[in-house]
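Asker: curious how this folds, go ahead:
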Amino acid sequence: MALLQATHQSYRALLLQPSGPIYADTQRIGPLNLAGAAAQADAFLTLAAQRGDQLVVIPEYFLPVSSLAKAAQGGPFPAEGALWVLGCESMTPARLASFKEDCAGHCDVIYEEDPAPAVQGNYFDPVAYFFITRDADKNFKRVVLFQFKTAPSRDNHGFENKQLRCGRAIYRFRGKDGYIKLSTIICSDALDLGEDADANKKLSDRTVLIHIQLNPKPRQTDYRRYRSEVFRRSPVTTDCDIICLNWAQNVVQHDAPDHAPHEWKNESGSAWYLPERRCSVKDDEVASNEAKGLYYTRHEKKRHVLHFHYDEAIFALTVPKVLQGGAAVHDVLIGPQLDTRFTWNADAGTWLESTSCPETGWSAIINASPEVTAAFQSLTDIKDRLHIERAISLSCGPHTMKEQWHRVDNLDVCRIPETEVVGRATLQLDRDAAATEERQKRINRVTVLGHILQTATLPPQIKDLAGGGASISWSPKSPNTNVTKVGARPALVAYLGTNPPLDVVKQISENAFELLRRENKGNETRVAICYRTVAGDTKFFDIKQQIQFTYDGSSMASITGE
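Answerer: Presented below is the predicted three-dimensional model:
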């Protein structure tokens, strides 16, 4: 298989993130509208076959059996060297047997024997591997290999625990040269995997590990424990890509006819995890991904995490190999690059390539009130979300003196803890209450700063910004400043909220001054840190290192000490 050969040739991946609604009862789990899902699935597999993608993935419980059968019995199928990893709707033992019988003469259907009694559960949760191999006579042979979920998901009523028939095997594919492996775990397989150190090691050593899910809480502690186990070990033995592919946000679940639908109000949580050395942090490459719907964060355990947009879509990517043999000069270390995103057009009955930047809630934020709109006016039409995040970070006060604080892997809002909660202001990817509160706090601070710049009496070092016309923005040409005005030099002005601890104010003021001093462009005098008292008065902190001066509009080289 092409993606498992340790060469410098990148491979192409095609991932489907479907939306609901879903149906779950004692007879099956899968899409509520099977005809609609089949239309999407058939078009997706046709697109994959036409494009020739080497890795194709569908999440847990989506692919209708009708689409599975159509593809297996002469329909779209991967070319030699490609692998399709297709999460299917639930299948009973009888349906599996009839599927295998119906495929006779079209492909070989393989699955593990089920020794459990009939009362053990009604259906399997299968992933179907589609691939082409050669028989002993070197003739091409189509193969469909089923793997079943090995552990039921957790729910309050033990529903899946009662209905699911569990498999016992997790398969591992290995390239001909023996270096790169690939395995798939199905949703709650992760619960046991996180506690099995030996299995965890086997599935993370130079591996593409695919985690397909239909999960309302994909970042819940027990479901991500296996990743924590991988990330805490040596990167030498955990040089792997982890692909988590869930359904889209806001799944609606239907079950018994007399029950009202249940709205999950979930986030998607689909993401691609990479080791430190195999992902670009260059602005142009990160921005290219983000414009199409793949967003950057850096895990505290020195891993890169690229988050997929949360709505229904197909994501087409070009991905460098986990391991690349040969001369190191040829190594491609930029990580997955999102080539395009496809969205479903119901009228045309097909997936259409999207050319627009997907909405992430940013428009709603900056249009929440006239005050917010005014403060963010210069940031409204900026395509590079990182520029916006940097402007916000400076406006809330720099918490570090690191010269490259603005590099994407150093940027404070791009750092995520072990909980994997995303706090970026421009991305509403995470519904964690603390993250939402922190995002709103930062937005509010920028809003207040915008008001202060327009209405307050400004200190001497930035008084030329008064009188209107000052705007909040960020540019790589002056990376340590966030306020500009025509005819004035850029400045770093931050607002720290109401009644912040004075030691925090002092530290942030020192950080701001030092950043501009090291920049060595003569702007170190253009620093102002402010806050509000409980009474509502605006105070600007006196920065000890800064020479106080009276600015009369002449050259900044002419400073009169007071």
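Asker: just checking, Leu164 touches Tyr123?
Answerer: Yes. The criterion here is CB atoms under 8 Å, and Leu164 meets it with Tyr123 at 7.0 Å. C-betas here are computed from N, CA, C, even on glycine.
Asker: which parts of stretch 355-370 are buried?
Answerer: For stretch 355-370, burial by neighbour count (16 or more other CB atoms under 10 Å) applies to Pro358, Thr360, Trp362, Ile365, Ile366.
Asker: phi, psi of the residue nearest to the last one when sequence neighbours are not counted?
Answerer: Meaning Ile366. Closest residue to Ile366 apart from its sequence neighbours, by CB to CB, 6 or more residues apart in numbering: Phe376 at 4.5 Å. Note on Phe376: backbone dihedrals following degrees, to the nearest 10 are phi -100, psi 20.
Asker: cool, Ser183 as well?
Answerer: Main-chain torsions, Ser183, degrees, to the nearest 10: phi -140, psi 160.
Asker: where does Asp384 land on pLDDT?
Answerer: Per-residue confidence (pLDDT) for Asp384: 83.
Asker: can you tell me how far it is from Pro398?
Answerer: To Pro398, Asp384 is 20 Å away according to CB to CB, to the nearest Å.
Asker: neighbour count for the two, which is higher?
Answerer: Neighbours were counted for Asp384 and for Pro398 using other CB atoms under 10 Å; Pro398 has more, 28 against 18.
Asker: so what's Leu78 up against?
Answerer: For the record, residue 78 is Pro, not Leu. For Pro78, the contact set (CB atoms under 8 Å, 6 or more residues apart in numbering) comprises Ala48, Ala49, Val56, Trp84, Phe130, Phe131, Ile132.
Asker: try it again at 6 Å.
Answerer: Shown in contact with Pro78 (CB atoms under 6 Å, 6 or more residues apart in numbering): Trp84, Phe130, Phe131.
Asker: swap in Thr133?
Answerer: Counting by CB under 6 Å, 6+ apart, Thr133 has contacts Lys141, Val143.
Asker: cutoff 8 Å now
Answerer: Listed by CB under 8 Å, 6+ apart, the contact set of Thr133 reads Phe140, Lys141, Val143.
Asker: helix or strand: which one has it?
Answerer: Applying DSSP states H and E as the criterion places Thr133 in strand 126-134.
Asker: ok, that strand: who's next to it in the sheet?
Answerer: Take DSSP bridges as the rule and strand 126-134 pairs in its sheet with strand 83-88 (antiparallel), strand 140-148 (antiparallel).
Asker: tell me what the helix or strand following the first one is packed against?
Answerer: Next along the chain after strand 83-88, taking DSSP H and E as the criterion, comes helix 93-102. Secondary-structure packing of helix 93-102 (3 or more CB pairs under 8 Å, 6 or more residues apart in numbering; DSSP states H and E): helix 65-72.
Asker: for the strand or helix carrying Ala364, output the C-alpha coordinates as PDB.
Answerer: In this structure, Ala364 sits in helix 362-366 according to DSSP H and E. Provided in PDB are the C-alpha atoms of helix 362-366 (Å, rounded to 0.1, in the frame of the first residue of the first chain):
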ATOM      1  CA  TRP A 362     -16.100  34.900  14.100                       C
ATOM      2  CA  SER A 363     -18.600  37.000  12.200                       C
ATOM      3  CA  ALA A 364     -21.100  36.600  15.000                       C
ATOM      4  CA  ILE A 365     -18.600  37.600  17.600                       C
ATOM      5  CA  ILE A 366     -17.400  40.800  15.900                       C
END
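Asker: quick one, strands of the stretch 451-562 of the chain?
Answerer: For the stretch 451-562 of the chain, applying DSSP state E, counting those that start in this stretch gives strands covering 471-472, 483-484, 492-498, 527-532, 538-540, 549-550, 560-561.
Asker: looking at the ones you listed, which is buried most?
Answerer: Most buried of the strands of the stretch 451-562 of the chain, by mean neighbour count (mean count of other CB atoms under 10 Å): strand 527-532, with a mean of 24.
Asker: on that earlier part again, can you lay out the buried residues of stretch 355-370 as TSV showing distance to Ala328 and pLDDT?
Answerer: Shown next, in TSV, are the buried residues of stretch 355-370 (distance: CB to CB, whole Å; pLDDT from 0 to 100):
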residue	distance to Ala328	pLDDT
Pro358	36	90
Thr360	37	89
Trp362	40	87
Ile365	44	87
Ile366	45	86
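Asker: now do the closest residue to Lys485 other than its chain neighbours: how many residues are near it, please.
Answerer: Counting by CB to CB, 6+ apart, Ala470 is the residue found nearest to Lys485 once chain neighbours are left out, at 4.4 Å. Residues lying near Ala470 (other CB under 10 Å) number 23.
Asker: dihedrals phi and psi, Ala470?
Answerer: Dihedral angles (degrees, to the nearest 10) for Ala470: phi -80, psi 140.
Asker: that one against Thr481, yeah?
Answerer: No. At 11.7 Å, Ala470 does not count as touching Thr481 under the criterion of CB under 8 Å.
Asker: show me the shaky parts of the protein.
Answerer: 117-119, 155-158, 194-195, 381, 547-562 (pLDDT under 70).
Asker: show me the longest helix that occurs in it.
Answerer: Counting residues, the longest helix found in the chain (DSSP state H) is helix 433-455.
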